[in-house]
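Undergrad: For reference, the sequence and a predicted model appear below.
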Amino acid sequence: MAKTITRIPASVNRYTAKPIAEKTKRRVAGYARVSTEHEEQATSYEAQMDYYTNYITSRDDWIFVGMYSDEGITATNTKRREGFNQMIEDALAGKIDLIITKSVSRFARNTVDSLTTVRELKEKGVEIYFEKENIWTLDAKGELLITIMSSLAQEESRSISENTTWGKRKMFADGRASIGFKHFLGYDRGPDGEFIINEEQAVTVRYIYKRYLEGYSTYKIACELTEMGVKTPAGKDKWHPSSVMSILQNEKYKGDALLQKTFTKDFLTHKLVVNNGEVPQYYVEGHHEGIVTADQFDQVQAEILRRKGMQKYSGVGLFSSIIRCGECGSWYGAKVWHSNDKYRKVIYRCNNKYADGCKCKTPHINEDELKKLFIKAANELFSEREEILANTKVMMEMVCETDSLDRDLQDSITELNIISEQMQIAIAENSRVALDQDEYEKRYAELTARYEKAKAKYDDIAEQIESKKAKRELFKGFIRTLEKQDGLMEDFDAGIWSSLVQEVIVKTKDDIRFIFKNGFEVRV
């Protein structure tokens, strides 16, 4: 018996769930984007906005929802595109039925982002029309075409990114630095991209270096700058210790430039990562005029290293974490007497003097006494300046010599490279040949143990070298201060104090010892 088949036509739009015959107008939005801020691109941006506004409003069967746009933002991911994200949010909320844009590359150059967004909108019945490619995403062939076009656009982005990266690395290799001058305190961009000192901001930079060498912590300096109303490099009102430390450790403030500290690991995410040796770095000496001297900068680096080696550093004043009790070995801390009356004064006393079990009887000392005693001790140095300078230079060469350690470090690097290569060979061999896995694991474990041992040795040598370099900077600062001093001191000088004194040990009122940075001790 013959079958009778009757075709019943669809009456509901499978994407919008609305009757096909229903005469409803589609709510349409336009999307425009340019990725740079060049003048010709700005013209293109305005042209896109005008064109799609007129195009959509000219259709009787469309309702113009509005234009969404992003100007001067790259398209390789959608995280920073506020206009795009708002449009998608509105579409998913049921406010848009159709989105019109110039091309797939204007929409997204990341295949994953592009397809994810298209499919997400498709599930909600929202269509996208790419005019250049004539693609309607609800069309059967739409997704295939989008996949192809998005992949091509992504490869275009990869090519642009690689060309940009090559250009930057060539610039670095030629010794040319580039920074974000808007968020870099102390320098302005010159006509040819050169560094020009901003004297108003340079005052803040010099203040930070001066206060740090006077014994103040980054936290204390940050509080002072905030109270003074000084703006941060980012133009904020509140300073943080990390901002102060970044200024103290940036070699550009002494006129040098370390290039390629960071690099872009992935062209899709544009995420910057710290360069730990993955790509070359370039150090340019005398790249531009420094705000602080090389001596000041090197002294600060040595002081940073010295404080790291201390169990606890106070850093609230010039004499913080530098006066030590001669009996129990604890630091002296600042105490305020008569804080609310006219007899107010600051004294320094052993922090453990009244602690349980502590029996030390060392006396307190006030700032004026300490300054007078320092002048006496320093003048003993200055009176024998030539002999002390000669002895200090000899001692510096003996104590701070790193030639043998440098050779050991190079040997360690060679050993690490050899072991690393053997590990790579073992991995490659295991991936190509069916090896005994127990034997392979044993061999790899042995190589790993060798590598960890060699790495520990390398770290130890590198730490010794850094320690000796820090000591050398302390010696050099001491020597420079002695060489500049002409005659004896009459008044207390905070700079000379910071350059000369390593530690003060208080035993009794009549036995206070100044330990200088060359190891010389004076009892006053």
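TA: Noted; the coordinates are in hand. Residues are numbered from 1 along each chain as shown.
Undergrad: use CA for all of it now, contacts and neighbours both
TA: OK.
Undergrad: any idea how far the nearest residue to residue 494 once chain neighbours are set aside lies from residue 307?
TA: Once flanking residues are discounted, residue 494 sits nearest to residue 214: 6.4 Å by CA to CA, 6 or more residues apart in numbering. Separation of residue 214 from residue 307 (CA to CA, to the nearest Å): 13 Å.
Undergrad: Which one's more surrounded, these two?
TA: residue 214 (20 against 16; other CA atoms under 10 Å).
Undergrad: can I assume that one is in contact with residue 493?
TA: No - using CA atoms under 8 Å, residue 214 is not in contact with residue 493, being 10.2 Å away.
Undergrad: burial of residue 222, as a residue count?
TA: By other CA under 10 Å, 22 other residues sit near residue 222.
Undergrad: quick one: low-confidence parts of the stretch 201-350 of the chain?
TA: Residues of the stretch 201-350 of the chain meeting the criterion pLDDT under 70: 260-282, 311.
Undergrad: Which stretches in it count as strands?
TA: Taking DSSP state E, counting those that start in this stretch as the test, the strands found in the stretch 201-350 of the chain are 257-259, 262-264, 272-274, 282-284, 323-325, 332-337, 345-350.
Undergrad: Which of these has the highest mean neighbour count?
TA: By mean neighbour count, with neighbours taken as mean count of other CA atoms under 10 Å, strand 323-325 ranks first of the strands of the stretch 201-350 of the chain at a mean of 24.
Undergrad: Could you list every helix and strand in contact with it?
TA: On a contact count with 3 or more CA pairs under 8 Å, 6 or more residues apart in numbering; DSSP states H and E, strand 323-325 meets strand 332-337, strand 501-508.
Undergrad: what do you get if the cut-off is 10 Å, keeping everything else the same?
TA: Identification of packing neighbours for strand 323-325 by 3 or more CA pairs under 10 Å, 6 or more residues apart in numbering; DSSP states H and E yields strand 332-337, strand 345-350, strand 501-508, strand 511-516.
Undergrad: The longest one - which strands sit beside it in the sheet, and in what orientation?
TA: Taking DSSP bridges as the criterion, strand 501-508 pairs within the sheet with strand 323-325 (parallel), strand 511-516 (antiparallel).
Undergrad: And for that strand, what's in contact with it?
TA: With CA atoms under 10 Å, 6 or more residues apart in numbering as the contact definition, strand 501-508 has outside contacts at 319, 321-329, 331-332, 349-350, 360-365, 370, 374, 378, 474, 478, 511-523.
Undergrad: what do you get if the cut-off is 8 Å, keeping everything else the same?
TA: 322-327, 362-363, 512-517 (CA atoms under 8 Å, 6 or more residues apart in numbering).
Undergrad: out of the residues you listed, which one sits closest to residue 224?
TA: Nearest to residue 224 out of those is residue 322 (CA to CA; 21.4 Å).
Undergrad: what stretches of this structure score poorly on pLDDT?
TA: Short version for the chain, where the test is pLDDT under 70: 1-23, 34-45, 72-80, 108-113, 140-180, 260-282, 311, 431, 434-435.
Undergrad: rewinding a little: quick one: the contacts of strand 501-508 as CSV, columns for distance to residue 190 too.
TA: CSV is the format used below for the contacts of strand 501-508 (distance: CA to CA, whole Å):
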residue, distance to residue 190
322, 43
323, 47
324, 50
325, 53
326, 55
327, 58
362, 58
363, 57
512, 54
513, 52
514, 48
515, 47
516, 44
517, 41
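Undergrad: quick check, nearest of those residues to residue 499?
TA: residue 517 (7.9 Å).
Undergrad: ok, for that closest one, nearest residue in space, not its chain neighbours?
TA: The shortest distance from residue 517 to any non-neighbouring residue, by CA to CA, 6+ apart, is to residue 502 (4.9 Å).
Undergrad: got it, and residue 371?
TA: residue 492 (6.0 Å).
Undergrad: And the strands in the stretch 351-500 of the chain?
TA: In the stretch 351-500 of the chain, strands defined by DSSP E, counting those that start in this stretch lie at 365-366, listed in chain order.
Undergrad: Could you verify my assumption that residue 470 touches residue 301?
TA: Yes - in this structure, residue 470 is within contact of residue 301 by CA under 8 Å, at 7.4 Å.
Undergrad: measure residue 483 to residue 347 for me?
TA: To residue 347, residue 483 is 33 Å away according to CA to CA.
Undergrad: Contacts only, for residue 289.
TA: With contacts defined as CA under 8 Å, 6+ apart, residue 289 is in contact with 195-197, 254-255.
Undergrad: Closest one to residue 488 out of these, please.
TA: Closest to residue 488, out of all of these and judged by CA to CA, is residue 254, at 30.5 Å.
Undergrad: tally of neighbours for residue 441?
TA: Number of residues near residue 441 (other CA under 10 Å) recorded here: 12.
Undergrad: Who are the contact partners of it?
TA: For residue 441, the contact set (CA under 8 Å, 6+ apart) is empty.
Undergrad: Now do it against residue 426, distance only.
TA: In this view, residue 441 and residue 426 are 10 Å apart by CA to CA.
Undergrad: Please report how far residue 50 lies from residue 87.
TA: In this view, residue 50 and residue 87 are 18 Å apart by CA to CA.
Undergrad: for residue 458, same thing?
TA: Residue 458 is 54 Å from residue 87, by CA to CA.
Undergrad: ditto for residue 418
TA: For residue 418 relative to residue 87 (CA to CA), the value is 55 Å.
Undergrad: Same check on residue 302?
TA: 54 Å.
Undergrad: cool, residue 327 as well?
TA: Taking CA to CA as the measure, residue 327 falls 72 Å from residue 87.
Undergrad: Tell me which of the two has more neighbours.
TA: When neighbours are counted by other CA under 10 Å, residue 327 and residue 87 differ, and residue 87 comes out ahead with 21 against 16.
Undergrad: other SSEs contacting the helix or strand that one falls within?
TA: Assigned by DSSP states H and E, residue 87 falls within helix 82-92. With contacts taken as 3+ CA pairs under 8 Å, 6+ apart, helix 82-92 sits against strand 62-71, helix 111-123.
Undergrad: Adjacent strands (with direction) for the helix or strand just after the longest one?
TA: Read that as helix 111-123. As assigned by DSSP H and E, the chain's next helix or strand after helix 111-123 is strand 127-130. In the sheet, strand 127-130 lines up against strand 98-101 (parallel), strand 135-136 (antiparallel) (DSSP bridges).
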